[in-house]
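Colleague: show me how the following folds:
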Amino acid sequence: MRSSFAKLSRRLLLLVLVCAVPQLLANKKPKTDTGADQQKRAVHALNRLAFGPRPGDVQQVLAMGVDRWIDLQLHPEKISDRAVEARLASFRTLPMSSKEILEDFPDNPMIKQVMDGKRAMPSDPARRAVYQVQIARLEQRQAKKEEKQETQHKADPQLMAAAAPATDGPSATEGAKTEAELAAAAAAPPDAPANAENSTSAMNGGEPQSAAVANEMSPAPPVETKPNPAEEAEARHREERLYADLKIAGLVALPPNDRYRKVLAMSVDDQVAFADSLRGGKNQELLDGMDPRQKETLLAMNNPQGVVAEELGQAKLLRAIYSDRQLEEVMTDFWFNHFNVFAGKGPERLLLTNYEQKVIRPHALGKFEDLLVATAKSPAMMYYLDNWLSVGPNSMQALGIRPVRYGPYGRPRFSRPNTNARRKNSGLNENYGRELLELHTLSVNGGYSQRDVTEVAKVFTGWTLEKPIDGMGFRYDPRMHEPGPKFVLGHRIKPNGEAEGRELLHILATSPQTAHFISLKLAQRFVTDDPPPALVERMAKTFEKKKGDIGEVLSTLFHSPEFWAESSYRAKVKTPLEFVASAVRATGADVDDAMPLARQLANMGMPLYGAQPPTGYSMKADTWVSSSALLNRMNFALALAQGKIRGLKLDIAQLPGTVPAAGSDATISAMEQSLLAAEVSKQTHDSIVAQLQTPNQVSKPPDASMIAGLLLGSPEFQKR
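Modeller: All right, here's what the predicted structure looks like:
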């Protein structure tokens, strides 16, 4: 089976290179600008405002009317989303605050505080088990680190020489030698070369030494701290033995509640081994039948932060696939990418859930200024761009001026400046100021200077975090704030503490340059990589007139002739997220576990929340179109259609029109309508027919899953 699948993949690569790449990169010329028929309009709307059509969606949109469906999508509060909410109910971290997430799914700093006695060990048995395992692992790592340092210390001749008393020659008895010295002497070759004496005398202030002494003082070869195979084998054996013992004890056969209670009652050593046994998604049968909190607890014993990241990633994919509020999901993804933060930086994994759920999503179709302010105050953004550490060069903190304390009768007591404060001061940080102007509002060509960047950074000094280790959110610290007026883009901002930042954000949110930049990016997402300037200008005017109302700007876009032009139809190459979500939607697959889909996205170069630069992921075709990238997509499409993606249930024969009475040509045509709601090009159609007419396929009935996979990997499906 693997052999035939590999051969098929190689043949499909040829199809991709010959057919897909040129079609995807071609600039399609408009035939006419009269628009498409109603079915084509429905397909176009579903491909642009949604993550593609599901079986039956086109007919529902046609029955409602395309324009009415679009207007409804612009008001998601009017759309019931119970179906997707039921799928998300098991993800307990989604409604949690960052503080609650940190307490239940601790990171290393939190674990260390409990280990050092600075915080109390949780009394709740489930949370206590998580902390116990992480503390035990941390202690193991520290012990190994100390052992490694001790070994290196003993093997380092310079450390030995510094520790030994200075002598003119060998005077210590053999019995007084250290183990390291004996090792060095034993390591020296019996017949030292003639220049060994010179090199040894140079190390000892120029005094010549005998060959014997030179041999004694020759450094021992460095001790390589390679993993001990015996220890690794013992660890594996212990893990396997524990799991075998658990099975023997009947743990897997126990009812879920009893199984869970037994794990919580284990010794700490056994809990560590149990948690290790879950690494890499192994032994998932131990979690079968448990409720969401029980599963989360046992998985958190293995990787607390991983549970948070996985639930957020699964929720994003499930919403993209199943939510009826499709435009809200598209815009949530759009704005997260616009105001990008990176999951791999520090504690961001614990902050991302709140960032997407409470900052981005509620403002996705609201006022841009509200969204801008929410991101500016977000702990995730502050940590990502380091603004929480930014200190004004002339602030009280930088100058070492301690807070004023008041004595009897309200008289102030002034303290001497702290002369050490300057050395501890982290200084002015311009990261957020630069990205605010370049990426969030005005654009790189927005007419600002480096001086503007510096002044913006001064405005936002003091915007910091309240108890960062607790994840408690925004705080303004006047001691960090740069005093005096600031001058940004020709505006004089009077000294006003925290309010200076709000004033500046208002100036930026209402700037014509911001209106144009945001309109351009929206047009690039929904129309084409190089949108018509006239469309962008109309959208920008709406942006200014409606005070940055995102829904109104999108309404102008969706009711424009440029959006419906023939040249816009299937003119945008899908990103990996759009491709994966649309493929699952098109097949009507039932997703029980979305993590395999998330891993597929990582293989395609788009890990969820994994864009490291502030620019986020590109929306343009040339980023995602290459032979290797398209082969990955084709392999995914075939695996999906053949039911080989874990966590998904799919019966391709249930798709309408997949089993017509006619032959392969009719089957292909029927499935084109079923999966793409449209016909494909003659080149793609003929390529699939040719694939089905290979010697090993011609004598067989049409393979619906293979046809479906080839269609999902076709150039037509790659575009929206």
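Colleague: would you map out the domains in the protein?
Modeller: For the chain, the structural domains run 2-28+572-718, 98-144+239-310, 325-509, going by automatic domain parsing.
Colleague: endpoints of the second one, how far apart?
Modeller: The one in question is domain 98-144+239-310. 16 Å (CA to CA, to the nearest Å).
Colleague: what sits against the residue lying closest to F517 once chain neighbours are set aside?
Modeller: Spatial nearest neighbour of F517, chain neighbours left out: S443 (4.0 Å); criterion: CB to CB, 6 or more residues apart in numbering. Using the backbone N, CA and C atoms, a C-beta is placed for each residue, glycine as well. Shown in contact with S443 (CB atoms under 8 Å, 6 or more residues apart in numbering): 513, 516-517, 520.
Colleague: looking at those residues, which is nearest L74?
Modeller: The closest of the contacts of S443 to L74 turns out to be L520 (CB to CB; 20.1 Å).
Colleague: tell me which element the residue most central in space within the chain falls in.
Modeller: Centroid-nearest residue in the chain, with CA atoms, centre = their mean: Y609, separated by 2.2 Å. For Y609, there is no enclosing helix or strand under DSSP states H and E.
Colleague: in helices only, show me the contacts of S443.
Modeller: Of the positions in these, 513, 516-517, 520 sit in helices, assigned by DSSP state H.
Colleague: just put these in CSV and tack on pLDDT.
Modeller: Formatted as CSV, the ones in helices among the contacts of S443 follow (pLDDT from 0 to 100):
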residue, pLDDT
Q513, 98
H516, 98
F517, 98
L520, 98
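Colleague: what is the nearest of the residues you listed to D71?
Modeller: D71 lies nearest to L520 out of those, by CB to CB, at 23.9 Å.
Colleague: re the thing from before, now the domains of the chain as JSON lines including mean pLDDT?
Modeller: Listed next are those as JSON lines, based on pLDDT from 0 to 100:
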{"stretch": "domain 2-28+572-718", "mean pLDDT": "80"}
{"stretch": "domain 98-144+239-310", "mean pLDDT": "87"}
{"stretch": "domain 325-509", "mean pLDDT": "89"}
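Colleague: sorry, back to before: and the ones in helices among the contacts of S443, which is closest to L264?
Modeller: Using CB to CB, the ones in helices among the contacts of S443 come closest to L264 at F517, 53.6 Å.
Colleague: how close does that closest one sit to H363?
Modeller: F517 sits 18 Å away from H363, going by CB to CB, to the nearest Å.
Colleague: if we can go back for a sec, quick check, nearest of the contacts of S443 to N302?
Modeller: Nearest to N302, judged by CB to CB, of the contacts of S443 is F517 at 44.0 Å.
Colleague: and the closest one, how many neighbours does it have?
Modeller: Residues lying near F517 (other CB atoms under 10 Å) number 23.
Colleague: what sits against it?
Modeller: Counted by CB under 8 Å, 6+ apart, F517 has contacts 441-443, 446.
Colleague: which other helices and strands contact the longest helix that the chain contains?
Modeller: The residue-count maximum for a helix in the chain (DSSP H) belongs to helix 125-155. Helices and strands touching helix 125-155, by 3 or more CB pairs under 8 Å, 6 or more residues apart in numbering; DSSP states H and E, are helix 98-104, helix 108-115, helix 179-187, helix 256-264, helix 268-277, helix 292-302.
Colleague: and the helix or strand that the last one is followed by, which residues are buried?
Modeller: Looking back up the chat, that one is helix 292-302. Once the chain leaves helix 292-302, the next helix or strand it forms, by DSSP H and E, is helix 304-322. Using 16 or more other CB atoms under 10 Å as the burial criterion, the residues of helix 304-322 that qualify are 304-305, 307-322.
Colleague: for stretch 510-523, same thing?
Modeller: In stretch 510-523, counting by 16+ other CB under 10 Å, buried: 511, 513-523.
Colleague: same thing with stretch 253-260?
Modeller: 259-260.
Colleague: centre of the chain to it, how far?
Modeller: 34 Å (CA atoms, centre = their mean, to the nearest Å).
Colleague: give me the contacts around it.
Modeller: For stretch 253-260, the surrounding residues in contact (CB under 8 Å, 6+ apart) are 251-252, 262, 286, 288-291, 294, 297-298.
Colleague: of these, closest to A376?
Modeller: Taking the contacts of stretch 253-260 together and measuring to A376 by CB to CB, the closest member is T297, at 35.6 Å.
Colleague: and the closest one, how far is that from D124?
Modeller: For T297, the distance to D124 - CB to CB - is 10 Å.
Colleague: what does F558 give?
Modeller: 50 Å.
Colleague: now swap in L62 and tell me
Modeller: 53 Å.
Colleague: using the three-state scheme, assign F487.
Modeller: Secondary structure state of F487, per DSSP: H, G, I helix; E, B strand; the rest coil, is strand.
Colleague: now, which of the ones in helices among the contacts of S443 sits nearest H153?
Modeller: For the ones in helices among the contacts of S443, the nearest to H153 is F517 (57.5 Å; CB to CB).
Colleague: one step back: I'd like the domains of the chain as a markdown table, with distance to E552 appended.
Modeller: Output for the domains of the chain, formatted as a markdown table (distance: least, CB to CB, whole Å):
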| stretch | distance to E552 |
| --- | --- |
| domain 2-28+572-718 | 22 |
| domain 98-144+239-310 | 32 |
| domain 325-509 | 10 |
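Colleague: among those, which comes closest to G56?
Modeller: The closest approach between G56 and any of those, judged by CB to CB, belongs to domain 2-28+572-718 at 8.5 Å.
Colleague: that closest one: how far from the chain's middle?
Modeller: On CA atoms, centre = their mean, the centre of domain 2-28+572-718 falls 24 Å from that of its chain.
Colleague: skipping adjacent residues, who's closest to F543 in space?
Modeller: The spatially closest residue to F543, leaving aside those adjacent along the chain, is A515, at 3.9 Å (CB to CB, 6+ apart).
Colleague: and for the spatially closest residue to E466 that is not a sequence neighbour, the neighbour number?
Modeller: Among residues not flanking E466 along the chain, R475 sits closest, at 3.8 Å (CB to CB, 6+ apart). Neighbour count for R475, taken as other CB under 10 Å: 17.
Colleague: repeat that for A63.
Modeller: A count of nearby residues for A63, using other CB under 10 Å, gives 10.
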